[in-house]
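Next comes the sequence, and after it the predicted model I'd like to discuss.
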Amino acid sequence: MKYIHGFLMLLLMILPVIASAQDLEDRVVEHLYPNGLKLLMIERHTSPTIAPYILFKAGSVDESDDARGIAHMLEHMLFKGTNTIGTKDYDQEKVILAEIDRIGDALDNERAKGSRADENKIKEFEEALTKQQEMADEWTIAGEYTEIYTQHGSTGFNAGTSVDYTIYTVELPSNKLELWAMLESDRLKNNVLRQFYVEREAVKEERRMSVDSRPGGKLYEQFMASAFTAHPYGMPIIGWPSDIAMLNRKKAEEFFKIHYAPNNSVMVIVGDINIEKTIELIDKYFGDIPSQPLPKEVTVDEPMQEGERRIEVEYDAEPQMMIGFHKPTIPNFDDYVFDMISAILSDGRTSRFYKNIVEEGIAVSANTINGYPGARYDNLFVVSATPRSPNTTADVEKAIYAELERLKTEPVEEKEFKRILKQIDASFIRGLSSNAGMANQLTFYEGIAGDWRYILNWRKKMYEITPEDIMKTANTYFKKSNRTVATIVKKEQSEITETEGEESE
Amino acid sequence: MSTKSIRIISGSLILCLIIFGSSSINAKPHDELIYEPIQFKPPVPQKHTLSNGMELYLIEDNELPVFDISGLVKTGTIYDPADKIGLASIFASVMRTGGTVSREPDALNEELESMAASVEIGMSPEYGSVSLSTLAEDIDKGLEIFADVLRNPAFREEKLDLRKQQAIEGIRRRNDNPIQLAWRNFSEILFGKDHPFGWYSEIETVESISVEDLKKFHSMYFHPNNIMLSITGDFETESLITKLENAFEGWEKSEIDIPDIKNVERERSSSVHYIHKELPQTTMLIGHIGIKRKPDFPDLFALRVMNDILGEGGFTSRLMSQVREKHGLAYMVGSMMQTSLYTNPGEFFAYSQTRAEKTSEAITLIIDIIQGMRDSPVSEEELNRTKDSLINSFVFSFESSSQIAFQQMMLDYRGFAPGFLETFTDNIAKVTAVDVQMVAQKYLHPDALTIVTVGNKENFDRPLDEFGDVNDIEIRLPEPPPIEPIPEASEADFIKAKEILAAVVNAHGGWEAIKDVTSVVSQGKAKFAQMGGIEMDIKVSSLYPDKLRQDMVTPQGNMSILFNGESAIMDSPMGSQPLPPEMVVSLKDVTFRDVIPLLQNLSNNDIPIQYSGSEELDENVVSVLLLTQPSGESLKIYVSNETNLILKYAFSETELGTSMDKETIFSDYRDVGGIQIAYNVIQNVNGEVYTESRLNSVEINVELNESLFETSQ
């Protein structure tokens, strides 16, 4: 669906690849501004359109414990306008916004007392908050920031927050490049995070929709929380319900101040542009944003797993499962090998899972992803599967392990490698066919791998992988003690009555 | 605030987008920007028809060394036979996975994937799709395989079985996701379970699909003159056409007989439905039957603008800005009006997912917003903003050659008038606030909304019945398929059915007695199990073959239903009112299956009736007969093997848009003038007792005046 802004990006980009590597190398133009902003451009005149993207290396892993969910919340708030857009008179409005913050804090603190909270006070604060919000609405022009983009013909106007980063995307007719530069730089320099508490309700609805009302969402959240015990990769991007309930404008502004720096971001513009003019234009609008010290990286290492973790998630749905193995992230060589393993197991109708699990009728689907939930820190190789009745998750699990065992002992045939490498090359070429697709790849790899040329290097590495590498990697990581297994099971009828009324949000 | 223009030069499409900045009261920095005009001449697909009638839309594009075909076949899931729902989509997938006559499935996969190519077949409601994607270096091989799959699919049995198993697993899981659950029920209620737009495959309909069915489907629709292909990539047109002629050589034109799709006959009416699921959030769909697109459809442009403003236009739509941005009542909210379907009207719906505690508040707000579109004209600012957005973003319809070629092919397929794209922006520019309000009044019907909710009403802010009587929809896991599926009727089954029928006639009094019965009047008491067990006096008068009257003494006074065979009314202390067409359909079935006229009818006329096995029913062994009622719903008759009396009927009936499984159980047969009449009749609905009727007097061949059944006032 169009316009799901704030969509949580749980999936890593599937790796592209570059067949005509030289081509891409020649076409990408880099420019580094004095304030540390890196701009990548590809000139492409197929249609009079552009895809300008900005990525900030600021994801949910960068949050502090008392502000979990703030990276995602901030991403929503940055659509609320600036001190000129979204307001009739900011000087009048800001007085009321300060009052809203004050009442909102008092309300949150009272609610946080839980059963000891004073219901009368809560009611009083709620009424006061509503009143102030109505007063602020007098000055607010709701949705103006978005409306400007829409009116000027934007498509794909969106943003996404992952564990590793936050990205802001749009496509526009190419004569709107300056409009984009003006609007984007304005929200970096002069943003006003108005309508905070109303948006917080929308985020709670997002959580109810994407996690609580979806068996797959629930399973994923519990699975991650079990696989990681120390590293923030185990925490949900959107935050737990009680995290969201305590988010406020101050926390969002602090997070913004620390992480949204030009030297902590990547800008990519692909499409119908003139390189020289674009460099100048970006300088005009972004050049005066000062660089600042880079935020600290996460220092906690996930301790080595020392025994299988196995969890059940009770839900009113048919069974599904996830299995995860801890492994190192890029640029460790093993990570490349896992990309190859993932292709062998689940890419296409010739893959092993498809032939031996899906076509055998054991599961309706069985897939693998390398690199959950992010790539800045060591992550997981994940298998997810949906059994076909009457087969159970246990049956599917057995079939999956049989395939993983094969990888440890049987060398992969030449033919299998060749097929995968040809597909890698073809998908690279196909990836060059859209502005948005290229912008996506470049921002991601420049932002997370530190250099977009990772894309080129990745292909070379894939060609170097040998059958022995696969066996070695499989033997090292596909171990019982290194895995987490999560399954959905149906609630027993008796248990529904037992727990009734116990949990409510 | 801004204006723009589009120019068409020499028949091809030239986009010219200009925006002039202008100052407004609240001057914004971007108002001062000046935008260079864009002049863009997108490539125009070249049309060509192959000698076998296949239509091509070609654009050469050598930016990348790739080659793509994306085609349409005139068919679709709407052509599923009613007893084999799911056939078309299963067909599409097995057409690919089942290999071809000369290529085993594994070999086909290996061949394609080893050259990083793909061939896929898909199925949508109103079209089938076929595609090929290869690198330019593999065009020849790619075309050869593509043609082989289109012409010679083998539909191997084991691949069909696998796909059927997968489809059944999908049916088992379809209640897990609240949106899917709400949607399925919404369209069933809107269009009815007897229409392709409202029906869904069930385990039985999937089970019944055979390799023969797939072959038949293929031979009905897969002919070159029923296929269009859009082709883009690194090729040279003239030599490609020669290659295509060669690849499809010997595949001849053929007469194609596309079945008619029956019209949706349902009227819009308001109804409220609730499906219980233990979730913190309520999923709601609110809407009605929408519109069918005609080739020349001038309202389309005003509708685009209206729908954008209402709920299709992303963040700036009214639903989004009110429900989400202003009230924080949802993350996803919006609306959609299908305007491209051509066989039947699609649906209009608004949707939201809102915390249970705000359910009614959200529904009320959404209905008010829909109503608001009709009540007052949109502001000039809102109108201009929306028109600008549609015009300025139009360029994104021309981003790639494959998109351009496919788009033109699809417009032709759907029967859009030529020049649609060339005049699109002009037509949008002409739309006025009056037009928008006019189409809102014409196509939005807030007084006839179907509301479907999935959630937990324990936590709702207010009961749903403020929106109308609430119909509770029970969700159940579909029954596992019967161990012995009902075999297709053989000649022997028809003969056996006739034998059993003769025995039934004898047991019920013999043909001599039955053939002369012209009317029956029975009186008794009916106990309504689901209304606190209340009992009412009831009198049923039947004048055969098709007139029926039921008089009942209710706590509110006397209530009668009169049916003259064609129309029906209800008389009550509140007055007299006609019954809706849906009820008339049910009443036709009721008079059809009334035991005595049914036996007369089956004995006199050659009505197909089939024996479908024997079962155990309350310790009796019974034979099951199967026939079709006037509504098209089937009727199962359970006949005791011992007494040859009819013990039970089983059938489905639609009430208020919901299909219900019903059973009528007959017992306490007594002799009335030589005829056996059941004095005790239990009516079950969805497995639970609804009424139990006990008769205390039955008279046959009573003089009944036709005026008793008169339905006109």
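Cool, got the structure. Numbering: from 1, shown residues only, chains lettered A, B, ... in the order given.

make it CA atoms for all contacts and neighbour counts henceforth
Noted.

Give me the sheet partners of whatever helix or strand residue A:310 lives in and which way each runs.
Per DSSP states H and E, residue A:310 falls inside strand A:309-314. Using DSSP bridges, strand A:309-314 pairs in its sheet with strand A:483-489 (parallel).

what does the partner strand contact?
Contacts to strand A:483-489, defined as CA atoms under 8 Å, 6 or more residues apart in numbering or on different chains, come from residues A:215, A:219, A:222-223, A:226-227, A:305, A:307-326, A:393.

which among those end up buried?
Among the contacts of strand A:483-489, those classed as buried by 16 or more other CA atoms under 10 Å in any protein chain shown are A:215, A:219, A:222-223, A:226-227, A:305, A:309, A:313-326, A:393.

quick one: which of these sit in strands?
A:309, A:313-314, A:321-326 (DSSP state E).

At the contact with chain A, which residues of the stretch 301-450 of chain B appear?
Within the stretch 301-450 of chain B, the positions adjacent to chain A are B:314-316, B:321, B:324-332, B:353-355, B:385-396, B:398-400 by CA under 8 Å from any CA of the partner chain.

Quick one: name the residues of the stretch 301-450 of chain A near chain B.
Residues of the stretch 301-450 of chain A that fall close to chain B, judged by CA under 8 Å from any CA: A:316-318, A:348-350, A:359-361, A:364, A:388-389, A:418-420, A:422-423, A:426, A:429-430, A:432-434.

And for the strand holding residue A:310, what's in contact with it?
Residues external to strand A:309-314 that are found in contact with it (CA under 8 Å, 6+ apart): A:218-219, A:222-223, A:226-227, A:483-491.

That one relative to strand A:321-327, how many degrees between them?
Between strand A:309-314 and strand A:321-327, the angle comes out at 150 degrees (axes from the mean of the first three to the mean of the last three CA atoms, to 10 degrees).

number of nearby residues for the residue of the stretch 451-600 of chain B found nearest chain A?
Of all residues in the stretch 451-600 of chain B, the one sitting closest to chain A is residue B:455 (9.7 Å; CA to the nearest CA). Neighbour count of residue B:455, defined by other CA atoms under 10 Å in any protein chain shown: 26.

check contacts around it.
Per CA under 8 Å, 6+ apart, neighbours of residue B:455: B:274-283, B:356.

what's the host helix or strand of residue A:101 packed up against?
Assessed by DSSP H and E, residue A:101 sits inside helix A:90-111. With contacts defined as 3 or more CA pairs under 8 Å, 6 or more residues apart in numbering or on different chains; DSSP states H and E, the packing partners of helix A:90-111 are helix A:119-137.

What lies in contact with the helix it packs on?
Contact partners of helix A:119-137, identified using CA under 8 Å, 6+ apart, comprise A:93, A:96-97, A:99-100, A:103-104, A:106-107, A:110-111, A:195.

Neighbour-wise, give me the winner out of those.
Result: residue A:100 is most packed of the contacts of helix A:119-137 (other CA under 10 Å), 25 neighbours.

how about that residue, what does it touch?
Contacts here follow CA under 8 Å, 6+ apart; on that basis residue A:100 touches A:129, A:132-133.

what's the answer for residue B:66, then?
A:429-430, B:133-137, B:233-234.

Of those, which is the most crowded?
Among those, residue B:134 has the most neighbours (other CA under 10 Å), with 26 neighbours.

which non-adjacent residue is nearest that residue?
What sits nearest to residue B:134 in space, not counting adjacent residues and going by CA to CA, 6 or more residues apart in numbering or on different chains, is residue B:117, at 4.4 Å.

For the one you found, report the pLDDT, please.
At residue B:117, the pLDDT value in this model is 97.

isn't it right next to residue B:136, touching?
No - counting by CA atoms under 8 Å, residue B:117 does not reach residue B:136; the two are 10.2 Å apart.

residues touching the closest residue to chain A within the stretch 551-700 of chain B, list them.
Scanning the stretch 551-700 of chain B for the residue nearest chain A gives residue B:687, at 20.5 Å (criterion: CA to the nearest CA). By CA under 8 Å, 6+ apart, residue B:687 lies in contact with B:661-663.

what's around residue B:45, how many residues?
Look at residue B:45: counted by other CA under 10 Å, it has 22 neighbours.

Distance-wise, check it relative to chain A.
Taking CA to the nearest CA, to the nearest Å as the measure, residue B:45 falls 15 Å from chain A.

give me every residue that touches residue 409.
You didn't pick a chain, so chain A it is. Here residue A:409 is in contact with residue A:471 (CA under 8 Å, 6+ apart).

not quite, I wanted chain B
Applying CA under 8 Å, 6+ apart, we find residue B:409 in contact with B:57, B:228-230.

for the stretch 51-200 of chain A, what spans make up the helices?
Using DSSP state H, counting those that start in this stretch, the helices of the stretch 51-200 of chain A run over A:70-77, A:90-111, A:119-137, A:144-151, A:177-189, A:196-207.

The stretch 601-713 of chain B now?
Remark: helices of the stretch 601-713 of chain B are absent; assignment by DSSP H, counting those that start in this stretch.

sorry, back to before: in strands, which of the contacts of residue B:455 appear?
Using DSSP E, the contacts of residue B:455 in strands are B:274-276, B:281-283.

Alongside chain B, which residues does the stretch 51-200 of chain A contribute?
A:84-85, A:88, A:142-143, A:146-147, A:150-155, A:172-173, A:175-176, A:178-179, A:182-183, A:198-200.

one step back: got the CA coordinates for the helix holding residue A:101 in PDB?
Output in PDB follows, covering the C-alpha atoms of helix A:90-111 (Å, rounded to 0.1, in the frame of the first residue of the first chain):
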ATOM      1  CA  TYR A  90       5.000  29.900  15.400                       C
ATOM      2  CA  ASP A  91       5.600  32.500  18.100                       C
ATOM      3  CA  GLN A  92       2.000  32.100  19.300                       C
ATOM      4  CA  GLU A  93       2.100  28.400  18.900                       C
ATOM      5  CA  LYS A  94       5.300  27.600  20.700                       C
ATOM      6  CA  VAL A  95       4.000  29.000  24.000                       C
ATOM      7  CA  ILE A  96       1.200  26.500  23.900                       C
ATOM      8  CA  LEU A  97       3.500  23.700  22.800                       C
ATOM      9  CA  ALA A  98       5.600  24.300  25.900                       C
ATOM     10  CA  GLU A  99       2.400  24.100  28.100                       C
ATOM     11  CA  ILE A 100       1.400  20.800  26.400                       C
ATOM     12  CA  ASP A 101       4.900  19.400  27.200                       C
ATOM     13  CA  ARG A 102       4.400  20.400  30.800                       C
ATOM     14  CA  ILE A 103       1.000  18.800  31.200                       C
ATOM     15  CA  GLY A 104       2.000  15.800  29.200                       C
ATOM     16  CA  ASP A 105       4.900  15.100  31.500                       C
ATOM     17  CA  ALA A 106       2.700  15.400  34.600                       C
ATOM     18  CA  LEU A 107       0.100  13.100  33.000                       C
ATOM     19  CA  ASP A 108       2.700  10.500  32.000                       C
ATOM     20  CA  ASN A 109       4.300  10.500  35.500                       C
ATOM     21  CA  GLU A 110       1.000  10.100  37.200                       C
ATOM     22  CA  ARG A 111       0.000   7.200  34.900                       C
END
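
Perfect, that will be all.
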